[in-house]
Structures are given as C-alpha cells and as structure tokens.
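Participant: I would like to see how this sequence folds:
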Amino acid sequence: METVSKIMQITILSMFVFVTGFSSSAQNEFKLNSSEYKLLLAPTKFADIDQGFRDYWSIVKTVAEEQGIPIIESEHPNKIKHKEISFFDTQNLDFKKNGYMLRRKNKYNNGRRIPGSEFSLKFRSNRPEVAATADVVIGEGYTPKDEKIELESDIVYFTKANGGKEITYSVQNLVELDEPLSFKVGEIAKVYPVLSSFDLPEDDELGLVAGVSAEERMIRPGKLEFGDGLKGRIDITVWIVELDGEQVKIPEFSFDHPFPEDREYSEEALKKCTTFIEKLQEKAPDWVVPGKLKAAYLFESAMQNRVEK
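Facilitator: Just a heads-up that it's a prediction; the model follows:
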C-alpha cells in the first residue's frame, strides 16, 4: 500500500491551473499545500466536554512522549473557543451533488455572538487532480480572506469504509462579510460565481443542511514537533447538533501542517506523522470510533430526510 508520506510529496500534475482568489488565469505548478490528520472520538467520553478535552489532551501528551515527539504546549491549552457552524444548500442538495459545500462560521465571545460572518465555499474530491482545478473564485467586489487558494489533503483514520484511512482532497475560498446575505442562489452566486453554473433558479431559497447549525467547542492545546521543521497544530473539537430530536456530539482529534513552497520535508518527519496518529489510536482504542468527516453527519441526515419525505 502506498504510504501517506509518499502521497504528500507528490507534485499533483505539474501543469494544472492554479486559481487564486484574485485571478482565475494564473498558472503554476499545483502542489499539495497542507495535510490534516483526523480521528473521530467517542461521544460518550465527552459527556463533560471540558473534562473530555483535558483527558484526551493528557493521552496525546503521553503518546507524544512515548514516541519521542516534543510538544510545544499553548499558554492556555484548555481554553475553549466557541463557534457556530452552518452549511447551506438547496432542498435537493444541488451544491453537494456538484462537489461543493457552502459554510458559514460565526464566532462567540463569553456567550455573545461577534458581529460578522466567515463564509467559505469548499470543493472536495477523492481525486487530487479534480480538486486542484475546481472553481472557487470569489466574485467581483468581494475580498478573499486568504491571498491564495491551497490544496489540502484530509486523512481520516479508522474509517467505516475500510477500517484503515480515507484520503480526500479539497480547495476552499474564504470571505468575511459584515452584512448578512440573502440566502438565495442568485445572491450567493454573486459571492461565488461558480454556483450560477448549476442551472438553478436565481430565486431558489437556500436552507440549513439537515435544518440545524452545529455548536462548535474547540481547544488548540499545542503543536507536535516531528522534526525537520515539521510542526503539527493540534485541534480537539466537539460539534453539538440536534438531529432527529436528539442531541448528538461529534468529537474529533486532528492536527495539520503546511508544506513549504521552497523545500520538502524528510521522509522520516512525514513518517512520524502517520506513526503518531496510529499509535494514538492504539493507545486508547476505547476513545476512538469509526470515522468520517464531521460535515458528513449533517449531509447524511439531510439526505435521509429527503428519502423519508
């Protein structure tokens, strides 16, 4: 089986068009820009979310010490960040059918919502060459949050599909808006013009996927030093959603790292990433459940509701 570390080092087809937030015509060698490693965690361990965060962070530190991986701990490792995560689509999930997800994030401080919203349009595929060329350009009059669009790999371990890992590739473009948007296809397509290419009526209303938003609680307790300058930023996250009349918690451990444009990480450092998350899974198997991407729960619920109707 091809190792993840080798996949990370592959240049993904040297002549792809590199789409920036400012231009759709610039051409560059499109390489993988970042990777994120994920483990879905057991909801029962987060009955008390604060305690769950502390307990799993302790497990992470133990495994890192056993593997000889230094940790740079944050000044306040257990400080909880609070956000609301919402996905929007048509009633028939036309965006998702075309590989796109429209997301809105709202931040909270001391229980109060901070004005403004961050929107993102993400395209995801299990084929890197398809993700690399997806159109997520932002429309005229809007300013992208990031200078360029990056190709990321998401590596979900212990998946239901194969009991091992599943790799998908994505690009996204972010924009921060102070004014609320009208959730109609035509209005959203002004921000993300590609959404006008799906032959949808402009006055079609968009709704919350599965009819709910997710309350996100997250800590960012530190970084893992894998050597050769490779540092993985750790997130431990819990989504809280109401699905089918029940409160559902979706906890996840993840760490991500960028790929520098001017150099490649050593094979040893990349291998340490995969070894670490495998050892973490082995260390506390009762903390891990068969995994998938968090958003998949909402879209699967929405699809099930459509079937039942």
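
Participant: going forward, measure contacts and count neighbours with C-alpha atoms only.
Facilitator: OK.

Participant: low-confidence ranges, the stretch 51-200 of the chain, go.
Facilitator: Along the stretch 51-200 of the chain, the parts satisfying pLDDT under 70 run over 159-163.

Participant: residue boundaries of the strands in it?
Facilitator: For the stretch 51-200 of the chain, applying DSSP state E, counting those that start in this stretch gives strands covering 71-73, 81-89, 100-109, 112-113, 117-125, 151-157, 165-177.

Participant: from residue 112, how far out is residue 153?
Facilitator: 33 Å (Cα to Cα, to the nearest Å).

Participant: who's more crowded, those two?
Facilitator: Taking residue 153 and residue 112 together and counting by other Cα atoms under 10 Å, residue 153 has the greater number of neighbours (25 against 9).

Participant: how about low-confidence regions in the stretch 201-309 of the chain?
Facilitator: Judged against pLDDT under 70, the low-scoring parts of the stretch 201-309 of the chain cover residues 305-309.

Participant: helices of that one, residue ranges please.
Facilitator: Counting by DSSP state H, counting those that start in this stretch, the stretch 201-309 of the chain has these helices, from start to end: 267-283, 294-308.

Participant: which one of the strands of the stretch 51-200 of the chain lies nearest to residue 247?
Facilitator: Nearest to residue 247, of all the strands of the stretch 51-200 of the chain, is strand 81-89, at 15.2 Å by Cα to Cα.

Participant: residue 115 contacts residue 177, correct?
Facilitator: No. Under the contact definition of Cα atoms under 8 Å, residue 115 does not touch residue 177, with a separation of 9.4 Å.

Participant: looking at the strands of the stretch 51-200 of the chain, which is buried most?
Facilitator: Per residue and on average, the most neighbours among the strands of the stretch 51-200 of the chain fall to strand 151-157, with a mean of 23 (mean count of other Cα atoms under 10 Å).

Participant: quickly run through the sheet partners of that one, with directions.
Facilitator: In its sheet, strand 151-157 lies beside strand 32-40 (parallel), strand 165-177 (antiparallel), with partners assigned from DSSP bridges.
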